[in-house]
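Chemist: Next comes the sequence, and after it the predicted model I'd like to discuss.
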Amino acid sequence: MDITERVGELVQIPSVNPLHAGPVSGDGAERELSDWLANHTEALGADVVVDPVEDDRCNVYARFEGSSDRAVTIDVHLDTVGVEHMTDDPFDGRVEDGRVYGRGSVDTKATFAVVLQVLEELKAAGQRPVPTVNLVGTVSEEGGGLLGAARYRDWLLERGQRIEQIVVAEPTMCAPVHGHKGGIGLDVTVHGHAAHSSKPHLGANALSGAARVVVAIDEEQDRLAALEATTPVGKGTVSVTELSGGLARNIIPDECALYVGRRTAPGEDIAQVRAALCELIESSAAPLSTTIESLYGEGSPGFYQDPSCSLVAVLAQLADTSPTTAEYGSNALKYGEVAEQLVVFGPGSIDQAHQAVEWVDISQLNRAVDIYRSWFSQ
Ligand SMILES: [Zn+2]
């Protein structure tokens, strides 16, 4: 099948992340696409594992046996963002002006199409890839805490498996991305107690406590900004991005909630960063008490792969691009423990991802096919 038709076919299978569900997006999550991938790769000769992650949402691990004892994984998230803000048909997969349009076309169904195309060519020629190729579809990348990637990592750990090289598919214009930040999200509640606003001394104003936290976080950001970056990924950052509280105009507020987002640079110890941040929040809110909940577990350290490694070098050479770093996060945050070499890579531009109109350039698709064809033959 032609690569543009294959991308179109995949766009026509909606797989909107449940956190983005809506009347047009639907509520089927990744189910139809994971079924399609399992059936299609099995027919192509792969050993297929369907691994339930949450609420009947399944990862798919399709293993294509290679002719060497090396193994590579291509991780492609199955889900897309929502389509309620799209201004054209999100699921038509039409081909126009040298592009394939629709939700997921660039982020990131393109890589499914590219890898399947190369594996189909090999099968038609009676050949196998040189490395064993694990084509892995993961749920829950576009919201929900990278659950699918965390599950695939655990699946590998349970089996004592490490993978020599893992490629995480995202639109990078075929440049190998060898680093990006990680993060920690904290839901904070500051507790005071209510009183009549004519007698503030009888209450404890939770908004005042939260305001002290905001000021302390701003000062912490100033401190981080003054540090030297240790990698091209840059420095950690921290900010308060949500704040809500107050009962009525004549009541001293008993509670205030805020969200503190910390982006971590490669090399920062996630447990230390988290402990120091919690301590800062608690001490600045004092004498009021706080409750702090971590969103999505303990957070993720930043991702950084030495750009001189063979995976980055080979992809840069095959693509005729230069290694780079990214502003966005990806499933790479979950794979540090199980990959010897790790990179984020794929056709098309992140500028077209999550947009009101999404598309992928056909020239980028063809380029990615050439790159994967060469990579699978060495
Ligand atoms: Zn993506």
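Modeler: The structure has been received and is ready for your questions. Residues are numbered from 1 along each chain as shown.
Chemist: Now for the residue lying closest to residue 334 once chain neighbours are set aside: which residues touch it?
Modeler: The shortest distance from residue 334 to any non-neighbouring residue, by Cβ to Cβ, 6 or more residues apart in numbering, is to residue 149 (3.9 Å). All C-beta spots, glycine's among them, are computed from the backbone N, C-alpha and C. Contact analysis of residue 149 by Cβ atoms under 8 Å, 6 or more residues apart in numbering lists 75, 77, 138, 141, 331, 333, 334, 335.
Chemist: What's opposite the second one in the beta bridge?
Modeler: Going by DSSP bridges, residue 77 is paired in beta bridges with residue 138.
Chemist: Residue 10: neighbour count?
Modeler: 24 (other Cβ atoms under 10 Å).
Chemist: Check residue 189 too.
Modeler: 17.
Chemist: For residue 291, see how far away it is.
Modeler: Counting by Cβ to Cβ, to the nearest Å, the separation of residue 189 from residue 291 is 5 Å.
Chemist: Also residue 55?
Modeler: From residue 55 to residue 291 the distance is 27 Å (Cβ to Cβ).
Chemist: that older thread, which ones among the contacts of residue 149 lie within strands?
Modeler: 75, 77, 138 (DSSP state E).
Chemist: quick check, nearest of these to the ion?
Modeler: When these are compared for distance to the ion (Cβ to the ion), residue 77 wins out at 5.5 Å.
Chemist: what's near enough to touch whichever residue of the stretch 201-350 of the chain sits closest to the ion?
Modeler: Using Cβ to the ion, the closest approach of the stretch 201-350 of the chain to the ion is made by residue 330 at 6.8 Å. Neighbour list for residue 330: 141, 168, 170, 180, 303, 344 [criterion: Cβ under 8 Å, 6+ apart].
Chemist: related to what we said a few turns ago, is it possible to mark the buried ones in the ones in strands among the contacts of residue 149?
Modeler: 75, 77, 138 (16 or more other Cβ atoms under 10 Å).
Chemist: Next one: residue 231 from residue 266, what distance?
Modeler: 5 Å.
Chemist: circling back: can you narrow the ones in strands among the contacts of residue 149 to ones near the ion?
Modeler: Among the ones in strands among the contacts of residue 149, not one lies near the ion by Cβ under 5 Å from the ion.
Chemist: Can you tell me which of the residues you listed lies closest to residue 250?
Modeler: Within the ones in strands among the contacts of residue 149, proximity to residue 250 (Cβ to Cβ) peaks at residue 77, which comes in at 49.3 Å.
Chemist: I'd say the closest one and residue 169 touch.
Modeler: Yes: counting by Cβ atoms under 8 Å, residue 169 is a contact partner of residue 77 at 7.3 Å.
Chemist: okay, and the common contacts of those two?
Modeler: residue 108.
Chemist: quick one: the residue nearest to residue 334 is in a helix?
Modeler: Yes: using DSSP: H, G, I helix; E, B strand; the rest coil, the assignment for residue 149 is a helix.
Chemist: I'd like the distance from it to residue 2, if you could.
Modeler: With distances taken as Cβ to Cβ, residue 149 is found 30 Å from residue 2.
Chemist: before we move on, what about residue 42?
Modeler: According to Cβ to Cβ, residue 42 stands 22 Å off from residue 2.
Chemist: try residue 253
Modeler: For residue 253, the distance to residue 2 - Cβ to Cβ - is 61 Å.
Chemist: Do you have the helices of the stretch 251-378 of the chain handy? List them.
Modeler: Taking DSSP state H, counting those that start in this stretch, the helices of the stretch 251-378 of the chain run over residues 270-285, 310-319, 362-376.
Chemist: Present the ones you listed as CSV; the columns should include mean pLDDT, distance to the ion and mean neighbour count.
Modeler: Listed next are the helices of the stretch 251-378 of the chain as CSV, based on pLDDT from 0 to 100; distance: least, Cβ to the ion, whole Å; neighbours: other Cβ atoms under 10 Å:
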stretch, mean pLDDT, distance to the ion, mean neighbour count
helix 270-285, 97, 22, 16
helix 310-319, 97, 18, 19
helix 362-376, 98, 15, 20
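Chemist: For my notes, please list those helices in CSV and give distance to residue 6 for each entry.
Modeler: Listed next are the helices of the stretch 251-378 of the chain as CSV, based on distance: least, Cβ to Cβ, whole Å:
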stretch, distance to residue 6
helix 270-285, 39
helix 310-319, 20
helix 362-376, 9
